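Novice: sequence-free structure coming up:
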């Protein structure tokens, strides 16, 4: 078969299939607890998330890391089920229990067969209301975090993420620190601090139970009221869940370059960006399309330039980390040391080009089709649907936000993309943060005049070399 014949019969691009995000019902119990139930037919495995709109961003600076550590410690036992008995109780139901904390919220979750939902919710209520925070387990988890922080300093990819946040945010912004805390704040944490944090997020305001799966024959609001309905008043003695937008002050008012010296490094880990946007912005969908074209697709502008054309990197991405407050906007990549400066120059060129001219019809169609097409794939399980609805609660978004997502993305125009780029990408106050070999690249960076250069020669953990790591990017 000739090449022409192969091309003639190869599959053509398809059209995005019809999809409607599942409708859900919202009930507010007398205690103030919100219950959101979503029926997903044919999915007998039910997911339930108990969400508290109080996360790492709301804790005092001196207790940074306490919320994340408290969430991890909650599954170490309760008053009724000490130690491993909690896990064994979950296993007897064929369920899994999990608690996690992020910048915006604490989420306790369970997955279980629909026929055992009541028993699973009772166990979830026990987990959330009556954890005992065993001192020895708190100590173990604290030591694990301290060891992780030591490893973070040794890994260029994680170190540059921490340095990037510390560079772009003012010192009084929670986002300047790690969500999981650092050595100074984590080491003093005790059981008492974790119990105080726990009481604070159990306060009356800002709690919701989201349940999803095949709910045939289940009265979820009644079940929730019976089992967890008193949750919001039973233990809440703290100040209540935060509702204000967290402080996200920018520390950068001009282009700057901060280089963290890693002697002998064969790669430079590079971050370029500034303080970005909160989740609640009126042009959210235009920003999504713009970010996809810039650095969110495999054939994005940054990828096609730095990877495909120049061969500087295996991969490059860019986007906005949207939180309750303004999270970071950044370009993220790793390049060979020898091409550090030209790679930065090309990335800056693409950022300027994004602001200077309209995207092409082909670029716009590709980004919209991708976002619209991948949207249903994100919600193939009840757990994913429940998680997305929980996001609506955390960010106080309208109930129809997910139902209208695809239509709003499809309505984004090239002019909308340009407007979003002009308003939200600030090339006049970019921070360029690198972890690399200053002895090799500092001179070239100075000559390139990307911005005021600062070289940081920090003490590294014993045995650390300049070799690139393969660790995942981490915001702590």
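Specialist: Thanks, I have it. Everything numeric in this text was worked out from a predicted model, so none of it was measured. Residues are numbered from 1 along each chain as shown.
Novice: Pretty sure residue 202 sits against residue 230.
Specialist: No - if you go by CB atoms under 8 Å, residue 202 and residue 230 don't touch, sitting 11.5 Å apart. From N, CA and C alone the C-beta is placed, and that goes for glycine too.
Novice: ok, the closest residue to residue 324 other than its chain neighbours - how many residues close by?
Specialist: If the residues on either side of it in the chain are set aside, residue 324 comes closest to residue 104, at 4.8 Å by CB to CB, 6 or more residues apart in numbering. The number of residues packed near residue 104 is 25, by other CB atoms under 10 Å.
Novice: just to revisit the earlier point, neighbour count winner among residue 202 and residue 230?
Specialist: Using other CB under 10 Å as the criterion, residue 202 and residue 230 rank with residue 202 on top: 22 against 16.
Novice: what about the more buried one, distance to residue 335?
Specialist: As judged by CB to CB, to the nearest Å, residue 202 and residue 335 stand 47 Å apart.
Novice: Ok, residue 35 next?
Specialist: Applying CB to CB, the value for residue 35 to residue 335 is 49 Å.
Novice: just residue 9 next, same as before
Specialist: According to CB to CB, residue 9 and residue 335 sit 40 Å apart.
Novice: Equivalent analysis for residue 173, please.
Specialist: 29 Å.
Novice: out of those two, which sits in the more crowded spot?
Specialist: residue 335 (26 against 21).
Novice: Doesn't the more buried one belong to a helix?
Specialist: No - per DSSP: H, G, I helix; E, B strand; the rest coil, residue 335 lies outside any helix segment and is strand.
Novice: If it is in a bridge, with which residues?
Specialist: For residue 335, the beta-bridge partners under DSSP bridges are residue 268.
Novice: immediately after the lowest-mean-pLDDT helix or strand in the chain, which helix or strand?
Specialist: In the chain, the helix or strand scored least confidently by mean pLDDT, DSSP states H and E is helix 231-234, which has a mean of 55. Using DSSP states H and E, the helix or strand that follows helix 231-234 in sequence is strand 256-261.
Novice: From residue 54, how far off is residue 61?
Specialist: 16 Å.
Novice: Neighbour count: these two, which is higher?
Specialist: More crowded of residue 61 and residue 54, by other CB under 10 Å: residue 54, with 28 against 13.
Novice: Can you give me every residue that contacts residue 296?
Specialist: Applying CB atoms under 8 Å, 6 or more residues apart in numbering, one finds that residue 296 lies in contact with 317, 318, 319, 367.
Novice: Out of the residues you listed, which comes closest to residue 432?
Specialist: In terms of CB to CB, no member of these lies closer to residue 432 than residue 318, at 13.4 Å.
Novice: any idea how far that closest one lies from residue 441?
Specialist: In this view, residue 318 and residue 441 are 21 Å apart by CB to CB.
Novice: Could you check which of these two has the larger neighbour count?
Specialist: Ranked by neighbour count (other CB under 10 Å), residue 318 and residue 441 place residue 318 first, with 27 against 23.
Novice: Look up how far residue 199 lies from that one.
Specialist: Applying CB to CB, the value for residue 318 to residue 199 is 40 Å.
Novice: try residue 132
Specialist: Relative to residue 199, residue 132 is positioned 14 Å away (CB to CB).
Novice: Compare neighbour counts for the two and give me the winner.
Specialist: Between residue 132 and residue 199, counted using other CB under 10 Å, residue 132 has the larger neighbour count: 19 against 15.
Novice: Can you read off the pLDDT for that one?
Specialist: pLDDT for residue 132: 96.
Novice: Going forward, count from 156.
Specialist: Sure, I'll start counting at 156 from here, so that last one is residue 287.
Novice: Just to check, it is in contact with residue 230?
Specialist: No - using CB under 8 Å, residue 287 makes no contact with residue 230, being 11.2 Å away.
Novice: hey, where'd the strands end up in the stretch 156-305 of the chain?
Specialist: 179-183, 189-194, 200-207, 251-256, 261-268 (DSSP state E, counting those that start in this stretch).
Novice: How far off centre is the shortest one?
Specialist: Think strand 179-183. Centroid separation between strand 179-183 and its chain, computed with CA atoms, centre = their mean, to the nearest Å, is 26 Å.
Novice: which residues touch that strand?
Specialist: Strand 179-183 is contacted from outside by 189, 190, 191, 192, 193, 367, 376, 379, 544, 554, using CB under 8 Å, 6+ apart.
Novice: Partner strands of that strand and their direction?
Specialist: Paired strands of strand 179-183, with direction, are strand 189-194 (antiparallel) (DSSP bridges).
Novice: Quick check: phi and psi on residue 410?
Specialist: Note on residue 410: its backbone torsions stand at phi -60, psi 130 [degrees, to the nearest 10].
Novice: which residues touch it?
Specialist: Counted by CB under 8 Å, 6+ apart, residue 410 has contacts 583, 584, 585, 586, 587, 605, 606, 607.
Novice: measure it to residue 314 for me?
Specialist: 22 Å.
Novice: and if you look at residue 493?
Specialist: According to CB to CB, residue 493 stands 21 Å off from residue 314.
Novice: So if I had to pick from the two, which one is more boxed in?
Specialist: The residue with more neighbours, out of residue 493 and residue 314, is residue 314; 23 against 15, by other CB under 10 Å.
Novice: The longest helix seen in the chain - contacts with which helices or strands?
Specialist: Longest among the helix segments of the chain by residue count, using DSSP state H, is helix 290-309. Other elements packing on helix 290-309 under the criterion 3 or more CB pairs under 8 Å, 6 or more residues apart in numbering; DSSP states H and E are helix 221-229, helix 311-323, helix 338-341, helix 346-356.
Novice: any idea how far the residue nearest to residue 479 lies from residue 546?
Specialist: Per CB to CB, residue 259 is found 9 Å from residue 546.
Novice: now do residue 381
Specialist: Residue 381 sits 27 Å away from residue 546, going by CB to CB.
Novice: The two: which is more packed in?
Specialist: Applying other CB under 10 Å to residue 381 and residue 546 shows that residue 546 carries more neighbours, namely 17 against 13.
Novice: where's the more buried one, which helix or strand?
Specialist: Using DSSP H and E, residue 546 falls in helix 537-549.
Novice: does residue 176 really touch residue 555, like I thought?
Specialist: No - counting by CB under 8 Å, residue 176 sits too far from residue 555 to count as a contact (9.0 Å).
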